[in-house]
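1. no FASTA, just this:
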């Protein structure tokens, strides 16, 4: 697929943020990207020229923010809306191999939706959430640069991302947790399937505790892929790291988005 043909939708509802920055990250790579309100996919109250289908696009991104005020749980309301009106289409979209990316609140949404960790290739969205993004161990909002070690060796969605990348975090609920009785089992499965996308490390690339792990996430997990490696969620914000102002050069975030675009080009 030629780059000029690629179309990316960055979804929003009330309370999302960084959708404009995410759109600009793709546009900087000469890719068509636009912000799309969830209602544009299903509501008959939307004008015809503004109506959209998931299949108009080659990539769907759930951005950061506090969708629906993070009431109930972070990402719970956004994911419930998707499940009620778009589940079938989104499952088909994933099965076709198109990428679905969740950043910060987007990761929370994909977890609540049951699209991550996505152990079942035939059923890409589980009926119930299998993991949760819980309140940070510090009990407060954490906002700082974070260092991430790329763990997966088989995900082409992250092919150009450096071994250790620097993206900022900005969240109060980013702690990856599993059911207590299944914690070791889940970690073993994720390692076996090569589904751990990123882990928090210190500036030297060593696994470390707080403040390097800003939320207390189990096994220092900062991002996950599904079993087919085309659904990706991470808590840090690569769209806020397109340029490194300290070094006056391209930031690690640019390599993140370049990887996604090159993945789509090969579909």
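-> Cool, the structure landed. The shown structure was predicted, so the numbers you read here are calculated from the model rather than taken from an experiment.

2. so what's the spatially most central residue of the chain up against?
-> The residue lying closest to the centre of the chain (CA atoms, centre = their mean) is residue 102, at 2.1 Å. Counting by CB atoms under 8 Å, 6 or more residues apart in numbering, residue 102 touches 61, 62, 108, 109, 110, 116, 232, 233, 234. Placement of C-beta: from N, CA and C, glycine included.

3. show me what contacts residue 23?
-> Contacts here follow CB under 8 Å, 6+ apart; on that basis residue 23 touches 8, 10, 33, 34, 35.

4. equivalent analysis for residue 259, please.
-> Residues in contact with residue 259, defined by CB under 8 Å, 6+ apart, are 156, 157, 158, 159, 160, 161.

5. nearest to residue 197 among those residues?
-> residue 158 (6.3 Å; CB to CB).

6. near the closest one, how many other residues are there?
-> The burial count assigned to residue 158 is 25, neighbours taken as other CB atoms under 10 Å.

7. correct me if wrong: it contacts residue 149.
-> No. Residue 158 sits out of contact with residue 149 when judged by CB atoms under 8 Å, with a separation of 11.6 Å.

8. can you put the contacts of residue 23 in a markdown table and add pLDDT, neighbour count and distance to residue 174?
-> As requested, those are exported to a markdown table (pLDDT from 0 to 100; neighbours: other CB atoms under 10 Å; distance: CB to CB, whole Å):
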| residue | pLDDT | neighbour count | distance to residue 174 |
| --- | --- | --- | --- |
| 8 | 98 | 26 | 24 |
| 10 | 98 | 28 | 20 |
| 33 | 98 | 23 | 25 |
| 34 | 98 | 16 | 27 |
| 35 | 98 | 16 | 24 |
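
9. okay, and which of those map to helices?
-> The helices, defined by DSSP state H, take in nothing from those.

10. got the phi and psi for the residue nearest to the centre of the chain?
-> phi -120, psi 120 (degrees, to the nearest 10).

11. beta partners for it?
-> For residue 102, the beta-bridge partners under DSSP bridges are residue 62, residue 233.

12. wait, doesn't residue 232 sit right on residue 238?
-> No. Residue 232 is not in contact with residue 238 according to CB under 8 Å; the separation is 10.7 Å.

13. those two: which is more packed in?
-> Neighbours per residue, other CB under 10 Å: of residue 232 and residue 238, the larger number sits with residue 232, 31 against 27.

14. what sits against that one?
-> Here residue 232 is in contact with 99, 100, 101, 102, 155, 157, 158, 197, 223, 224, 225, 226 (criterion: CB under 8 Å, 6+ apart).

15. which one (most neighbours) among these?
-> Note: the member of the contacts of residue 232 with the most neighbours is residue 102, at 29 neighbours, neighbours being other CB under 10 Å.

16. could you check the pLDDT of that one?
-> At residue 102, the model reports a pLDDT of 98.

17. give me the distance between it and residue 248.
-> 30 Å (CB to CB, to the nearest Å).

18. same question, residue 19
-> Using CB to CB, residue 19 is found at 27 Å from residue 248.

19. neighbour count for these two, which is higher?
-> It is residue 19, of residue 19 and residue 248, that has more neighbours when counted by other CB under 10 Å, with 24 against 7.
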